[in-house]
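Chemist: Any chance you can model this:
(chains A and B)
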There are 2 protein chains.
Amino acid sequence: MSEINSVGIVAPQIAHFNAPLTLTCGAVLPEFDLIYETYGELNADKSNAVLICHALSGTHHVAGRHTAEDKHAGWWDNLIGPGKPLDTNKFFVIGMNNLGGCHGSTGPASINPATGIPFGASFPVVTVEDWVNSQAMLADYLGITTFAAVVGGSLGGMQTLQWSLAYPDRIKHALVIASAPNLTAQNMAFNEVARQAIITDPEFYGGDYYAHHVVPRRGLRIARMLGHITYLSNDVMGAKFGRKLKDTIKYSFDVEFEMESYLRYQADKFAGEFDANTYIRMTRALDYFDPAAAFAGDLSAAFKHVTAKFLVLSFTSDWRFSPARSREIVKALLDNALPVKYAEVTAAHGHDAFLMQDAHYHAILQRYLSQVEV
Amino acid sequence: MSEINSVGIVAPQIAHFNAPLTLTCGAVLPEFDLIYETYGELNADKSNAVLICHALSGTHHVAGRHTAEDKHAGWWDNLIGPGKPLDTNKFFVIGMNNLGGCHGSTGPASINPATGIPFGASFPVVTVEDWVNSQAMLADYLGITTFAAVVGGSLGGMQTLQWSLAYPDRIKHALVIASAPNLTAQNMAFNEVARQAIITDPEFYGGDYYAHHVVPRRGLRIARMLGHITYLSNDVMGAKFGRKLKDTIKYSFDVEFEMESYLRYQADKFAGEFDANTYIRMTRALDYFDPAAAFAGDLSAAFKHVTAKFLVLSFTSDWRFSPARSREIVKALLDNALPVKYAEVTAAHGHDAFLMQDAHYHAILQRYLSQVEV
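Modeler: Numbers count the residues shown, from 1 in each chain, chains lettered A, B, ... in the order given. As a prediction, this is how the structure comes out:
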């Protein structure tokens, strides 16, 4: 395989931490693993590291392929590689799976060393703050004091924000893409429906379904279908599917319209891959994130000790995290006279636009990252 | 009880039809009941009748109360009564429950006379066209040749449109409120998620849950929560609930935010009242309605034989059936040089605005209906 500008074949690594981590909820993880991948080379003074923070269903596998036969490249492969906007000839890029995840970092499906069985329901609720703290431990492990940049879209953008708040000395540039300073009531309502679908699935067993050798598949399917509706814009759904029928109308509850076929396919795929306990924790982390809360809702006050330089990006058709939400972040940064560049990218694809190949979007990232000094 | 401008105590009546009704799907109902209520008096020449078409979860109980102790008035009581916009001193108003419903008209939970057990899964898929045909049979039964007006919001507005298409001689005025000429892909996607939640509920039993003495309560809960998200605007959800906590954060999957409490309350209430087989049929009727389809998507061509006068109303914050969808109807009417008045009402409440007391909205209806000749 010789893809142009690919980081090529990559292999995940696991960092084991014996130092206890106290979580926001009060629970303590005595030890844990974080799975990660790296692309590019860490330079001599370790000043060229970039951390990628993933979104709800993301993983540590951000770029490249695991084998030559691997059908799917990492989830942000279009962004990362030699000559790409996040240029691995210049940067040392780290992808990692968050704590509570289901792709190799310690999470609800992991064996609890204290009991010898999966954590299940006993795995604590983790927050964006916890993730950033564990990411800082991973940085220590890799010998990285300061990130040239932390980059994230959606929930990943919230982690990027949190990096600038919690570790102002350790982040030079924050790239916050298609994100928000907190969830709206509508965002939280969608999360609640998804969680209720999972939790009320008879095969959820209060979160301890592993012992029953089942998964709450019905609930995960509903959660994923719902997610997809919010990831796509109304317009792109119309353009992609519209009211197209699969066949002639059968007056049934089977698939009649192509949209239904798409949703069921995505639902079935996800339900076979993703851990339900991880899903409900990821949505809770989204719900809780609200850095302004400790400052009576004043985001500008929350940003008082931030020192990073920012690129904030939004997409016109994103109704999950609308441009107005990004502008709230920009305003709070400007209120603190912090350097910020903001772009509202014209894009049809809704929230998913942040994952897609788009010349204008990528040109903005390329330009910004080319000016980041390492 | 003496409410001002109330139609007072009302009682539903049942019309039984022995004449067979052939449905769009090809099935034939040999006989069926329609439950209905009336408010006001039918005048001597039977020219003052107004039909109210209900939306997804509506009923025949549109105005007044069933007993003096009845806590809840009919669902459009704010609109209908002596001196109200739909003035029962002038009009004879009819509310009815659609075929396939679960409030007294023949539906999936009704006993199939041929088998002696509930229809369940064998109850056919009904369409907006079927409803309007059955409503015309009810009009015949009541001796009404022509309606002074047919009025409906949301799915009810689609029935009003269908009346103008199928029975141009029998409808003088069509009031189409917060509606659309068909569903968008996004609208259909929400319906599909709701249906999948119901159908994959282990207690759905393929639609024949009555025999098992259970209901697919989990699925209905999810469907209703999802519905509520689309009925409310993002802004009104923000204003009503925002990020308000019920208590201090517990880092749990129980209710943390007030929004969650609201959704669960609505879900539990609905799941105890509404029939799942009716729900999935109502959403299918929404999906299928598309009068332009037979005219290669040309709504103006579909309206060629329409003769009714129209009032089309939309609400600025309605993202389920946005004002743009109402303007599609208005354009098609204007293309046919049909008399139409259109109002885009500034309202914060989203799709639900059509059910609410709003001075501006009601003044428009009052003014329009005062000019309807009977």
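Chemist: any idea how far A:Thr278 is from A:Leu220?
Modeler: Distance of A:Leu220 to A:Thr278, computed by C-beta to C-beta, to the nearest Å: 10 Å. (Glycine included, C-beta is placed from N, CA and C.)
Chemist: Of the two, which one has the most company?
Modeler: Shown here are A:Leu220 and A:Thr278; by other C-beta atoms under 10 Å in any protein chain shown, A:Leu220 has more neighbours (27 against 23).
Chemist: Please, where are all the strands along the stretch 201-350 of chain A?
Modeler: A:309-315, A:340-345 (DSSP state E, counting those that start in this stretch).
Chemist: so which of those strands gets nearest chain B?
Modeler: Closest to chain B of the strands of the stretch 201-350 of chain A, according to C-beta to the nearest C-beta: strand A:309-315, at 15.9 Å.
Chemist: Quick one: the helices in the stretch 151-300 of chain A, in order.
Modeler: Secondary structure of the stretch 151-300 of chain A (DSSP state H, counting those that start in this stretch): helices at A:155-166, A:185-199, A:217-231, A:234-240, A:258-271, A:276-288, A:299-302.
Chemist: Need the residues that contact the shortest one.
Modeler: Contact with helix A:299-302 is made by A:Leu165, A:Pro181, A:Pro291, A:Ala292, A:Ala294, A:Phe295, A:Glu328, A:Ile329, A:Lys331, A:Ala332, A:Asp335, A:Asn336, as judged by C-beta atoms under 8 Å, 6 or more residues apart in numbering or on different chains.
Chemist: Buried residues, the helix or strand where A:Leu369 lies. List them.
Modeler: Take DSSP states H and E as the rule and A:Leu369 turns out to sit in helix A:359-370. Under the neighbour-count criterion of 16 or more other C-beta atoms under 10 Å in any protein chain shown, helix A:359-370 has A:Tyr361, A:His362, A:Ile364, A:Leu365, A:Tyr368, A:Leu369 buried.
Chemist: Which of these sits closest to chain B?
Modeler: Comparing the buried residues of helix A:359-370 against chain B with C-beta to the nearest C-beta places A:Tyr361 closest, at 23.1 Å.
Chemist: show me what contacts that closest one?
Modeler: A:Tyr361 touches A:Leu313, A:Phe315, A:Val345, A:Ala347, A:Ala353, A:Phe354, counting by C-beta under 8 Å, 6+ apart.
Chemist: For stretch A:3-23, buried residues please.
Modeler: Across stretch A:3-23, burial judged by 16+ other C-beta under 10 Å covers A:Ser6, A:Val7, A:Val10, A:Pro12, A:Ala15, A:Phe17, A:Leu21, A:Leu23.
Chemist: Ramachandran angles for the most centrally placed residue in chain A?
Modeler: Per C-alpha atoms, centre = their mean, the C-alpha nearest to the average position across chain A is that of A:Ala55, at 1.2 Å. Main-chain dihedrals, A:Ala55, degrees, to the nearest 10: phi -90, psi -160.
Chemist: And the contacts of helix A:299-302, which two are furthest apart?
Modeler: Farthest apart among the contacts of helix A:299-302 by C-beta to C-beta are A:Ala294 and A:Lys331. That separation is 18.3 Å.
Chemist: just to revisit the earlier point, weed out the non-buried ones from the contacts of A:Tyr361.
Modeler: A:Leu313, A:Phe315, A:Val345, A:Ala347, A:Ala353, A:Phe354.
Chemist: So what pairs up with the first one in the strands?
Modeler: As for beta bridges, A:Leu313 partners with A:Ile177, A:Ala343 under DSSP bridges.
Chemist: shouldn't it be in contact with A:Thr160?
Modeler: No. A:Leu313 is beyond contact range of A:Thr160, at 11.2 Å (criterion: C-beta atoms under 8 Å).
Chemist: Need the overlap of contacts for those two.
Modeler: Overlap of the contact sets of A:Leu313 and A:Thr160 (by C-beta under 8 Å, 6+ apart) consists of A:Leu175, A:Val176.
Chemist: which ones are touching the closest residue to chain B within the stretch 201-350 of chain A?
Modeler: Closest residue of the stretch 201-350 of chain A to chain B, C-beta to the nearest C-beta: A:Tyr251 (3.6 Å). Contacts for A:Tyr251 were tallied using C-beta under 8 Å, 6+ apart; they are B:Thr24, B:Cys25, B:Gly26, B:Pro124, B:Val125, B:Thr127, B:Arg284, B:Tyr288.
Chemist: Is it possible to get CSV of those that adds secondary structure, neighbour count and pLDDT?
Modeler: Formatted as CSV, the contacts of A:Tyr251 follow (DSSP: H, G, I helix; E, B strand; the rest coil; neighbours: other C-beta atoms under 10 Å in any protein chain shown; pLDDT from 0 to 100):
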residue, secondary structure, neighbour count, pLDDT
B:Thr24, coil, 17, 98
B:Cys25, coil, 17, 98
B:Gly26, coil, 8, 98
B:Pro124, coil, 19, 98
B:Val125, coil, 22, 98
B:Thr127, coil, 25, 98
B:Arg284, helix, 21, 98
B:Tyr288, helix, 23, 98
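Chemist: Pull the most distant pair out of those.
Modeler: Across those (C-beta to C-beta), the longest gap, 14.8 Å, separates B:Gly26 and B:Arg284.
Chemist: quick check: angle from the helix holding A:Leu369 to strand A:340-345?
Modeler: When axes from the mean of the first three to the mean of the last three C-alpha atoms, to 10 degrees is applied, the directions of helix A:359-370 and strand A:340-345 differ by 160 degrees.
Chemist: what's around A:Ala194, how many residues?
Modeler: Count around A:Ala194 with other C-beta under 10 Å applied: 27.
Chemist: if I read this right, it contacts A:Tyr279, doesn't it?
Modeler: Yes. Using C-beta under 8 Å, A:Ala194 is in contact with A:Tyr279, at 7.3 Å.
Chemist: How about the residues of the stretch 201-350 of chain A by chain B?
Modeler: By C-beta under 8 Å from any C-beta of the partner chain, the part of the stretch 201-350 of chain A that sits against chain B consists of A:201-202, A:218, A:221-222, A:225-226, A:228-229, A:232, A:234, A:237-238, A:240-243, A:249, A:251-253, A:256-257, A:259-260, A:263-264, A:267, A:280, A:284, A:287-288, A:290, A:293.
Chemist: now these: which count as buried?
Modeler: A:201, A:218, A:221-222, A:225-226, A:228-229, A:232, A:234, A:237-238, A:240-243, A:249, A:251, A:253, A:256-257, A:259-260, A:263-264, A:267, A:280, A:284, A:287-288, A:290, A:293.
Chemist: Find the residue closest to A:Asp358 in space, skipping its chain neighbours.
Modeler: Of all residues not flanking A:Asp358 in the chain, A:Ala347 sits nearest, at 6.0 Å (C-beta to C-beta, 6 or more residues apart in numbering or on different chains).
Chemist: Ok, A:Glu192 next?
Modeler: Here the nearest residue to A:Glu192 in space, its sequence neighbours aside, is B:Glu260; by C-beta to C-beta, 6+ apart that works out to 4.7 Å.
Chemist: Report the contact partners of the one you found.
Modeler: A:Met188, A:Ala189, A:Glu192, B:Lys246.
Chemist: Look at the third one and say how many residues are nearby.
Modeler: To tie it back to what came earlier, the one meant is A:Glu192. Neighbour count for A:Glu192, taken as other C-beta under 10 Å: 25.
Chemist: how about stretch A:310-320: buried residues?
Modeler: By neighbour count on 16+ other C-beta under 10 Å, the buried set for stretch A:310-320 is A:Phe310, A:Leu311, A:Val312, A:Leu313, A:Ser314, A:Phe315, A:Ser317, A:Asp318, A:Trp319, A:Arg320.
Chemist: now those residues as TSV including pLDDT?
Modeler: Converted to TSV, those look like this (pLDDT from 0 to 100):
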residue	pLDDT
A:Phe310	98
A:Leu311	98
A:Val312	98
A:Leu313	98
A:Ser314	98
A:Phe315	98
A:Ser317	97
A:Asp318	98
A:Trp319	97
A:Arg320	97
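Chemist: Of these, just say which sits nearest to A:Thr38.
Modeler: Looking across those and measuring by C-beta to C-beta, the closest to A:Thr38 is A:Leu311, at 22.3 Å.
Chemist: Touching, that closest one and A:Ser179? I think so.
Modeler: No. Using C-beta under 8 Å, A:Leu311 is not in contact with A:Ser179; the gap is 11.6 Å.
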